[in-house]
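Kindly return the folded structure for what I paste below:
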Amino acid sequence: MHLDAQDLRAFYYRSALGRVAQKNIRGEVCRLWSTSTKGQTVVGFGFAVPLLRPFLPDARRVIGLMPAPQGVMAWPSGMPNVSVLCEELLWPIDTGVVDKLVMMHGLETSTNAPALLDEAYRVLGPGGRALFIVPNRAGLWSRSDNTPFGYGRPYTTGQLEHQLRDHGFAIERHSAALYQPPSHKRFWLKTGPMWERIGQGAPRMAGGVLLVEVSKQVRGQNRPGLPQAVKRPLGVLGGLGAPEPGRQAGRVSGGFGTTRT
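As a prediction, the model looks like this:
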């Protein structure tokens, strides 16, 4: 079940807790992807636009894909719109053109997660990176209806990594964020930065969301019969026929007859 785009917008842009969540998750994304995205194509799916703003200045292209059951909103505010309403399992993007993909509020609410992962794999280019952000099954945020992370299917790190491997992704690294309780009370909001610092040294199971970075590795294809041919390497004169002895040894053929040596 997808959440409504207007509800997501209200949480991330109009509530204090949502702005804190946006800042903390975006900070972790920037830490993982600290290298420049200059000249790259960066795509977000689900409701990932709150995390894409740092890529706008340098990236060649930034696209925010929002599934039809969720709805769409114009983004970014005050700039040319890059948000696109699309079918959940049929993205309007060519195969293999995406350099970096961020998925948030997309996988856990999908009605067909395997097909969605296949579509993510399709658009990602060879060596491209994707970052999947999902609610942590063991965290507090997945147990609260006060945030969007309380909806859909939460994951453990092992469950998410296993599902990603089954769809051809190579696991690179994982992380977590949102260690403060999902409360709108002022005390928890004021002490939020402290909880995030403490959480960086705690087990990932304490974080409210999990972040798993993967890459797309494409194996080279072998021609039929090539391994067998390599097992029988040619010599220096390989492929040439063996010399055949003359019919009568010791004889040399001349132009008009035969003489003995």
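
and Val29, how many neighbours does it have?
Using other CB atoms under 10 Å, Val29 is surrounded by 25 other residues. The way it works is simple: take the backbone N, C-alpha and C, and place the C-beta from them, glycine included.

tally of neighbours for the nearest residue to it once chain neighbours are set aside?
Among residues not flanking Val29 along the chain, Leu51 sits closest, at 5.2 Å (CB to CB, 6 or more residues apart in numbering). With neighbours defined by other CB under 10 Å, the count for Leu51 comes to 23.

Next: Arg165.
By other CB under 10 Å, neighbour count at Arg165 equals 12.

What backbone torsions are found at it?
phi -60, psi -40 (degrees, to the nearest 10).

can you offset everything so residue one is 12?
Done: numbering now begins at 12, and the last item shifts to Arg176.

if I look at the closest residue to it other than its chain neighbours, how far off is Leu135?
Take Arg176 and drop its neighbours on the chain: the residue closest to it by CB to CB, 6+ apart is Ile182, 6.6 Å away. Applying CB to CB, to the nearest Å, the value for Ile182 to Leu135 is 14 Å.

Run through who's touching the longest helix along the chain.
Longest helix in the chain by number of residues, with DSSP state H as the criterion: helix 27-43. Residues external to helix 27-43 that are found in contact with it (CB atoms under 8 Å, 6 or more residues apart in numbering): 21-24, 61-62, 64-65, 113, 115, 142, 144, 157-158, 184, 186-189, 191, 193-195, 200, 203, 207, 219-220, 222, 224.

In helices, which of those appear?
The members of those that map onto helices under DSSP H are 21-24, 200, 203, 207.

export the residues you listed to JSON lines and tack on neighbour count?
Shown next, in JSON lines, are those (neighbours: other CB atoms under 10 Å):
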{"residue": "Ala21", "neighbour count": "12"}
{"residue": "Phe22", "neighbour count": "21"}
{"residue": "Tyr23", "neighbour count": "21"}
{"residue": "Tyr24", "neighbour count": "14"}
{"residue": "Leu200", "neighbour count": "16"}
{"residue": "Gly203", "neighbour count": "21"}
{"residue": "Glu207", "neighbour count": "19"}
